[in-house]
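Q: 3D model of this:
(one chain, ligands or ions: 1)
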Amino acid sequence: MKSLKQIITISLAALTLTACSGDDQGEVSVDISDRISGGGSSNGGPTANISGSFKNAHETGVFFSAESLGYLRDEYMGINSYDCQSSYADHYYETENTLIYGNPNLPESDFQHAANWIENNFSTALNAMGITKDEYFSLRGNVRLAALDSLQFQLYALDKGENYGTFMIPEQYGSSGYMTSEERTKWSYEAIYKATSADVVETLLSEPNGPRFTAENQILVEDKLYVCLHEKDSPWGWGEGHSLGVNIGAASVYTPNQVEQLIRHELIHTIQHALAGFVDWLPTPRWFSEGQAVYLSGMEVAHKSKHSEYEPTSVVTFWDEYGDPSDAYKHYGLAYQYLVEANGHDKLINMMKQLKGTSNWRLQWNIPEQQKYVEVFDSLNMLKADGTSLTVEDYRLNYQSIMSDYASN
Ligand SMILES: [Zn+2]
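A: Numbers count the residues shown, from 1 in each chain. Sure thing, here's the model as predicted:
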């Protein structure tokens, strides 16, 4: 039998793709000052020199991933992080908020350039999302994905009354008899979500089946943004936001247009993971995650009069996207703009916080959006611009007529 976990793992992987094209950076709408304030330079060059230093992980113990410490498991830190999970896991440049890994043969200025981009845009992205740096790191947590994933796998194998390290399933859990795979999935994810990092460390370092993690630094991360410098020479997928940071290209190899906005966009993705995500996955539909990142980073948003050119709210997963991605992104931005104008930013951020840790591992086939997203969105009484109620289903099915009203006002 194909287990529920297998199916879920596949769907999680599909929804983890937050890589963004750098080629959707054409004209930038002019009124971005409402959406962002402060931030880095506009020309993509380094501004104030961010102080930092090069370090060797063999001396500090701060490696890019658990994989680089011998635990052979992809940590979902983005497609462009693979080199940093293997060859370049130990050479890094550290600044106040970043750890930048990459090929040691790249010029030092590439690392410094990346640090400037990220440091100059981090507080802007945090402000745009309405949270502080401390909140961000606290919401993100400090347990590596590989550790959570490994632990969840072990906990999934338990039945009621059994324990694994400090984790135990109560005798009375769930329905009578053996736990179903769905119950075991639900329990194991809830357990790792609620776990303290001390519990995770204690359990993984004393695993009954022989510890695969042998040191605390394989399990925990620093309160920094983990960045992998890749060496691709094209705009497609140049930037990626993931649950521990962002991956961007080396400036000496290729620098996309409007790079500052792109960096902010990717930083907003990593903040989304902290606000609403669970392990490495986001419960919000693709149009929402991308639309929010487009809108709040100051990227171009489609004009409301052009709404009929795309159906953004039908793009729930990565696989639903169609047409030219740069057009799609502008329309995701428009769909988000409408929502934020009618409801206010705080309500949308509040919705995301309510989704945190409650990702829906019950599969559903009748509606494309995640059940928990639908429940929270609809329970918050989201509104249309005219003050009447807006449901998730409304916005997906009646997007064009809602936008027609919007465009005529
Ligand atoms: Zn994006």
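Q: Alongside the ion, which residues does the stretch 251-400 of the chain contribute?
A: Applying the criterion C-beta under 5 Å from the ion, the portion of the stretch 251-400 of the chain that neighbours the ion consists of 290, 293. Every C-beta, even on glycine, is put in place using the N, C-alpha and C of the backbone.
Q: Let me see the ranges of the helices in the stretch 251-400 of the chain.
A: Shown for the stretch 251-400 of the chain, the helices assigned by DSSP state H, counting those that start in this stretch span residues 259-276, 286-297, 325-343, 345-355, 371-379, 392-397, 399-407.
Q: Let me have these in CSV, extended by distance to residue 318, mean pLDDT and mean neighbour count.
A: Below are these laid out as CSV (distance: least, C-beta to C-beta, whole Å; pLDDT from 0 to 100; neighbours: other C-beta atoms under 10 Å):
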stretch, distance to residue 318, mean pLDDT, mean neighbour count
helix 259-276, 13, 96, 26
helix 286-297, 6, 98, 28
helix 325-343, 11, 97, 22
helix 345-355, 18, 95, 18
helix 371-379, 16, 92, 19
helix 392-397, 16, 96, 18
helix 399-407, 19, 97, 17
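Q: could these be laid out in CSV, adding distance to residue 155?
A: Output for the helices of the stretch 251-400 of the chain, formatted as CSV (distance: least, C-beta to C-beta, whole Å):
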stretch, distance to residue 155
helix 259-276, 22
helix 286-297, 28
helix 325-343, 36
helix 345-355, 22
helix 371-379, 21
helix 392-397, 31
helix 399-407, 40
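Q: Look up how far the ion lies from the residue nearest in space to the middle of the chain.
A: The central residue of the chain, meaning the one whose C-alpha is nearest the mean C-alpha position (C-alpha atoms, centre = their mean), is residue 273 at 3.6 Å. When distance is defined by C-beta to the ion, to the nearest Å, residue 273 is 12 Å away from the ion.
Q: That residue contacts residue 241, correct?
A: Yes - the pair residue 273 and residue 241 qualifies as a contact (C-beta atoms under 8 Å) at a distance of 7.5 Å.
Q: any idea which element residue 54 lies in?
A: In the assignment (DSSP states H and E), residue 54 maps to strand 53-56.
Q: tell me what that strand is packed against?
A: Contact partners of strand 53-56 among helices and strands, from 3 or more C-beta pairs under 8 Å, 6 or more residues apart in numbering; DSSP states H and E: strand 91-94.
Q: let's see it at 10 Å
A: Secondary structure elements in contact with strand 53-56, counted by 3 or more C-beta pairs under 10 Å, 6 or more residues apart in numbering; DSSP states H and E, are strand 91-94, helix 108-129.
Q: and the ion, which of these is closest to it?
A: Between the ion and the helices and strands packed on strand 53-56, the tightest spacing by C-beta to the ion is seen for helix 108-129, at 12.3 Å.
Q: Just the buried residues of that closest one, please?
A: The neighbour-count criterion (16 or more other C-beta atoms under 10 Å) identifies 110-126, 128-129 as the buried residues of helix 108-129.
Q: in stretch 188-195, what's buried?
A: Applying 16+ other C-beta under 10 Å to stretch 188-195 flags 188, 189, 191, 192, 193, 195 as buried.
Q: Hmm, residue 172 is touching residue 179, no?
A: No - in terms of C-beta atoms under 10 Å, residue 172 does not count as a neighbour of residue 179; the distance is 11.4 Å.
Q: Now list whatever residues contact both of the two.
A: residue 160 (C-beta atoms under 10 Å, 6 or more residues apart in numbering).
Q: Of the two, which one has the most company?
A: Neighbours around residue 172 and residue 179, counted as other C-beta atoms under 10 Å, are more numerous at residue 179. The numbers are 19 against 8.
Q: Does that one fall in a helix, a strand, or a coil region?
A: Under DSSP: H, G, I helix; E, B strand; the rest coil, the three-state class of residue 179 is coil.
Q: Do you know the pLDDT at it?
A: Per-residue confidence (pLDDT) for residue 179: 92.
Q: go on, residue 47?
A: pLDDT, the model's per-residue confidence, is 52 for residue 47.
Q: returning to what we had before: what element comes up after the strand holding residue 54 heading to the C-terminus?
A: The C-terminal neighbour of strand 53-56 among helices and strands, as given by DSSP H and E, is helix 57-60.
Q: Quick check, residue 254 in contact with residue 229.
A: No - judged on C-beta under 10 Å, residue 254 makes no contact with residue 229 at a distance of 11.4 Å.
Q: okay, those two: which has more neighbours?
A: Just comparing residue 254 and residue 229: by other C-beta under 10 Å the higher neighbour count belongs to residue 229, 26 against 16.
Q: The more buried one: what secondary structure?
A: Taking three-state DSSP as the rule, one finds residue 229 in the strand state.
Q: Show me the beta-bridge partners of it.
A: When bridges are taken as DSSP bridges, the partners of residue 229 come out as residue 248.
Q: Return the residues in contact with it.
A: When contacts are counted by C-beta under 10 Å, 6+ apart, residue 229 is found next to 80, 83-84, 88, 92-93, 100-103, 106, 110-111, 113-114, 247-253.
Q: Noted, bye for now.
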